[in-house]
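**Student:** would you be able to build a 3D model of this:
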Amino acid sequence: MGIRERKERTKLKVREDILHAALTIVKTEGVQALSMRKIADSIEYAVPIIYEHFENKDAILIELCRQGYATMVKQIAHNHKEDASPRARLENIVKAMWGFATKEPELYQLMYSVGLGCNNVQQTFPELVTFRQLVWEGIGGLDAKGKKATDQLQCRYLSFISMLHGLVSTNYFLKDIDPATNKKVLKDFIDNMVH
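**Tutor:** The predicted model follows:
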């Protein structure tokens, strides 16, 4: 391995260390506690090293969100089958999103709050375009034609996102919801979306 490759590998490792430290701080202390200084102290680098990789704290948060969306899309796409029924596709999407939201609650919350400060969320997070396409397929309709069909599909997509986010948020707030109740709510939701 040449010097150039080694430098590039080292640079990527430092970037990964920065992101890992940032996510750890967010998970343990909250997003408000995140700072370039705290990240640098955590990985024992000088603050200017952090700035060589990221312009500011927001850039780090955006990258964490990008990685979160990419992971969620990958989990959905992993089980995506073109020939599956709409119900099976929706169940797969719900299972992947619910699993991600419950396993990575701090990152999930971050993903759906950081975008609020972006001028163009879809440009900042291109993974959301893929995500929307997978959900649209799941709720039955990439074959939809015309403005009216697209508008209806967009309404169903927004209903889907709103319901799922609402249940996730409710579970973050009310910590005593029985998992069986969550399963029933999700099943009822999928039944209604399919019909």
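**Student:** please name the nearest non-neighbouring residue to the residue nearest in space to the middle of the chain.
**Tutor:** Central residue of the chain (Cα atoms, centre = their mean): residue 69, 3.3 Å from the mean position. Distances taken as Cβ to Cβ, 6 or more residues apart in numbering place residue 127 nearest to residue 69, at 3.7 Å, with adjacent residues excluded. Glycine gets a C-beta too; all of them are placed from N, C-alpha and C.
**Student:** burial count for that neighbour?
**Tutor:** Neighbour count for residue 127, taken as other Cβ atoms under 10 Å: 20.
**Student:** can I see the domain layout of this protein?
**Tutor:** 1-54, 65-194 (automatic domain parsing).
**Student:** in TSV: those domains, plus mean pLDDT.
**Tutor:** Shown next, in TSV, are the domains of the chain (pLDDT from 0 to 100):
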stretch	mean pLDDT
domain 1-54	93
domain 65-194	85
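**Student:** can you get me a residue count around residue 169?
**Tutor:** Neighbourhood size, residue 169 [other Cβ under 10 Å]: 14.
**Student:** name the helix or strand for it, please.
**Tutor:** Secondary structure assignment for residue 169, by DSSP states H and E: helix 146-173.
**Student:** tell me the helix or strand right after that helix.
**Tutor:** Counting by DSSP H and E, what follows helix 146-173 is helix 179-194.
**Student:** show me which positions of that following helix end up buried.
**Tutor:** 182, 185-186, 189-190, 193-194 (16 or more other Cβ atoms under 10 Å).
**Student:** what's the helix or strand hosting residue 74 packed up against?
**Tutor:** For residue 74, the element it lies in under DSSP H and E is helix 57-78. Helices and strands touching helix 57-78, as assessed by 3 or more Cβ pairs under 8 Å, 6 or more residues apart in numbering; DSSP states H and E, comprise helix 3-29, helix 86-103, helix 105-114, helix 127-138.
**Student:** ok so, going back, mind giving me the packing neighbours of the helix holding residue 169?
**Tutor:** helix 86-103, helix 105-114, helix 127-138, helix 179-194.
**Student:** same thing but 6 Å
**Tutor:** Helices and strands touching helix 146-173, by 3 or more Cβ pairs under 6 Å, 6 or more residues apart in numbering; DSSP states H and E, are helix 127-138.
**Student:** helices or strands up against the helix it packs on?
**Tutor:** Judged by 3+ Cβ pairs under 6 Å, 6+ apart, helix 127-138 is in contact with helix 57-78, helix 86-103, helix 146-173.
**Student:** next, the angle from it to helix 86-103.
**Tutor:** Interaxial angle of helix 127-138 relative to helix 86-103 (axes from the mean of the first three to the mean of the last three Cα atoms, to 10 degrees): 140 degrees.
**Student:** pull out the buried residues from helix 127-138.
**Tutor:** Of the residues in helix 127-138, 127-128, 130-131, 134-138 count as buried by neighbour count, 16+ other Cβ under 10 Å.
**Student:** centre of the chain versus that helix, how much separation?
**Tutor:** 12 Å (Cα atoms, centre = their mean, to the nearest Å).
**Student:** thanks a lot, catch you later.
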